[in-house]
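A.B. asks: Predicted coordinates and the sequence they were generated for:
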Amino acid sequence: MSNHNKILRISIIVIVLTAIISIISISKLRIDKQVFLKNYYEIAINEYEGTYSLDEGSLILQYISNVDDNKYVTGITFKELSDTYFFATEYNQSYGMRFYEEKNLNVNEFGRYGLHTIYVTCPELKYDDNQKEIVLTNATIEFNDGSNMDIDLGKIVLYKGSNRPVALEGISYTGSSDGTSSTTFRIKEDVKIENIESSLFGDVSEIFDFNITYTEFNSVDEIKYEKGQTIKENSIVTIKSKYNGSNDILKSYTLYNISPKIHFINEYNDEYIYRYNNMESFNVRNYDSFYNSYGIYKYLKARGEL
């Protein structure tokens with residue numbers, strides 16, 4: 001009988017110790033506030049009768065919370081556009097903009113953490129016609145319980161969405177889940193590439209490969225474009241990019257959507273502008289394989305949140 005009592009006492013002690021260790025471990029893994037992923041975005045805004053807007057699906061943000069956090073984001077303001085309000089929803093786009101209480105459909109759970117996805121819109125955006133672009137960095141996030149927090153979201157560049165590809169005839173577009181994308185078109189007159197412009201190229205040079213090649217009419221040789229070269233009429237031009245990711249956990253969890261502006265000029269100095277919109281990281285991020293509880297833990301540790 002004494003042996004049974006001894007075994008029972010030991011079992012109870014083991015259970016209590018296990019419970020204590022679990023409680024301590026859980027408390028160590030908790031974060032004090034929501035942690036927003038950094039963003040490097042170049043996003044087109046639309047113009048209609050003098051009014052500019054940011055459409056649903058154009059700007060997507062993500063953040064990490066404790067798995068039992070019931071708060072959700074309802075709105076955003078930016079220091080750089082303090083008089084403009086951006087609407088936000090964490091509900092799936094197929095359900096539309098919904099702001100009432102119900103289960104959040106856009107939270108993926110990974111162990112002790114939830115990864116939230118936010119869709120941001122702005123039906124009326126103040127944009128000076130003489131303004132080249134708007135760079136947003138510092139945001140105030142509003143939650144459904146009335147609380148808010150100030151954060152650095154990275155660098156979100158808004159630009160007026162307009163192409164002038166008169167000399168370019170589109171042929172094909174490809175995109176792959178391995179991060180490779182390309183656009184191919186035919187040149188309708190002799191042109192040169194005057195400039196390739198992006199506010200974010202310097203920030204993503206280690207993350208993306210980017211190159212331009214062309215094949216002249218009646219040739220099979222692919223030529224890598226170099227500044228100053230003339231691309232002859234009827235040549236086939238291919239713009240390629242590849243998202244390489246990074247071994248740095250902070251860069252790996254950063255979100256990218258880069259749209260470099262390519263300036264073509266002909267022999268009469270007429271300019272054609274083409275935006276290459278395929279440099280992004282979302283298609284590569286399969287939630288089941290890219291994100292996991294240990295990866296999120298390492299990211300939060302590197303951010304100094306744990």
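C.D. replies: Thanks, I have the structure now. Computed from a predicted structure; not experimentally measured.
A.B. asks: Any regions of the stretch 201-306 of the chain where pLDDT drops low?
C.D. replies: 283-289 (pLDDT under 70).
A.B. asks: Now do the strands in it.
C.D. replies: 208-215, 223-224, 236-243, 255-258, 261-266, 271-275, 279-280 (DSSP state E, counting those that start in this stretch).
A.B. asks: now the first one and strand 236-243, what's the angle there?
C.D. replies: So the one you mean is strand 208-215. 170 degrees (axes from the mean of the first three to the mean of the last three Cα atoms, to 10 degrees).
A.B. asks: now strand 208-215 and strand 261-266, what's the angle there?
C.D. replies: 20 degrees.
A.B. asks: ok, strand 208-215: who's next to it in the sheet?
C.D. replies: Paired strands of strand 208-215, with direction, are strand 223-224 (antiparallel), strand 236-243 (antiparallel) (DSSP bridges).
A.B. asks: next one: the fourth one
C.D. replies: On the basis of DSSP bridges, the sheet neighbours of strand 255-258 come out as strand 39-48 (parallel), strand 279-280 (antiparallel).
A.B. asks: What are the buried residues along the longest one?
C.D. replies: What that stands for is strand 39-48. By neighbour count with 16 or more other Cβ atoms under 10 Å, strand 39-48 contains the buried residues Asn39, Tyr40, Tyr41, Glu42, Ile43, Ala44, Ile45. Every residue, glycine included, has its C-beta placed from N, CA and C.
A.B. asks: which one of the residues you listed is nearest Asp221?
C.D. replies: Glu42 (32.6 Å; Cβ to Cβ).
A.B. asks: Now do the helices in the stretch 101-250 of the chain.
C.D. replies: According to DSSP state H, counting those that start in this stretch, the stretch 101-250 of the chain carries its helices in the segments 201-204, 249-252.
A.B. asks: TSV for these, including distance to Thr77 and mean neighbour count?
C.D. replies: Listed next are the helices of the stretch 101-250 of the chain as TSV, based on distance: least, Cβ to Cβ, whole Å; neighbours: other Cβ atoms under 10 Å:
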stretch	distance to Thr77	mean neighbour count
helix 201-204	24	14
helix 249-252	26	16
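A.B. asks: Output the ones you listed in a markdown table, with distance to Glu216 appended to each entry.
C.D. replies: What follows is the helices of the stretch 101-250 of the chain, written out as a markdown table (distance: least, Cβ to Cβ, whole Å):
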| stretch | distance to Glu216 |
| --- | --- |
| helix 201-204 | 27 |
| helix 249-252 | 38 |
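A.B. asks: can you tell which of those is closest to Gly111?
C.D. replies: helix 249-252 (16.2 Å).
A.B. asks: Would you mind pulling up the elements that that closest one packs against?
C.D. replies: For helix 249-252, the packing partners by 3 or more Cβ pairs under 8 Å, 6 or more residues apart in numbering; DSSP states H and E come out as helix 293-302.
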